[in-house]
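pasted the sequence and its predicted model underneath.
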Amino acid sequence: MGATLIAAVMGMTPVPLAASSAAARPVEAQHQDLSGERRSFGSACGIRDVSPSKARWFARSASGEWSAVGADRKRDPESTGAARVWRDGNWMVDIHDAPGAFGGSVHVVQFCFDAEGKVLHMIDNFMQASPCGCMRFTVLSFAPDGRVTQWRQSFVNARTGQQIDRPKEADEFPEVSPFRRIEQLPFFPLLAN
């Protein structure tokens, strides 16, 4: 089931958190209202070309091992995670996770790391198909010293897209991604190759 969820997520655009496009706004304003849309997020991160062909691709096997894969290579149906990395001075990273422990869930995180590898922005989306049928959206921005300068979280009904109160099932959701430096990513050693 993990590969099916990952394949679906890798081809779709995350639900935007803001009605306005960050790309159409001045750079200073982009820090205030980042969209989950890859092009807007990439623009806010300083990545000029976010086409899939410009990314390095990685996959995580069912045993938890990460490997580099080509964008055109067929993924292992047993894969439980996938990632794409763009580099244009700064780094932009998408991680798509279908953790088996949560059954019917998908965890997608977008990161923007500066040229030194420190996180600037993060959008963390977690969807649980059952029993919650809901999604958690979390947006974070960071100062150069690592201090959180923006934090916003909301929950929506996965079927209707309507915002809902925090469901009791959210107590069992995985934590928002803890990665704050690019070197902490589990596949980082593969980026050197």
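Structure's in. What do you need? Numbers count the residues shown, from 1 in each chain.

so where do the helices sit in the chain?
Using DSSP state H, the helices assigned to the chain run over residues 2-10, 27-30, 38-45, 188-191.

quick one: residue 191 and residue 111, what's the gap?
Counting by Cβ to Cβ, to the nearest Å, the gap from residue 191 to residue 111 is 13 Å. Backbone N, C-alpha and C define where each C-beta goes, glycine included.

next one: residue 90
If you go by Cβ to Cβ, the gap between residue 90 and residue 111 works out to 10 Å.

returning to that earlier point: can you pull the residues that touch both of residue 191 and residue 111?
Common contacts of residue 191 and residue 111, defined by Cβ atoms under 8 Å, 6 or more residues apart in numbering, comprise residue 182.

more neighbours: which of these two?
With neighbours defined as other Cβ atoms under 10 Å, residue 191 and residue 111 compare such that residue 111 has more, 25 against 16.

ok, how many other residues are close to the residue nearest to that one when sequence neighbours are not counted?
Nearest in space to residue 111, with sequence neighbours left out and distances taken as Cβ to Cβ, 6 or more residues apart in numbering, is residue 93 at 4.3 Å. Residue 93 sits with 26 neighbouring residues when counted by other Cβ under 10 Å.

mind listing what residue 93 touches?
83, 84, 85, 86, 109, 110, 111, 113, 182, 185 are the contacts of residue 93 under Cβ under 8 Å, 6+ apart.

which of these sit farthest apart?
Across the contacts of residue 93, the longest distance by Cβ to Cβ is 14.5 Å; it joins 86 and 109.

picking up where we left off before, from residue 56, how far out is the residue nearest to residue 111?
Distance check for residue 93 against residue 56: by Cβ to Cβ, it reads 10 Å.

for the two, list the residues in contact with both.
In contact with both residue 93 and residue 56: 84, 85, 86, using Cβ under 8 Å, 6+ apart.
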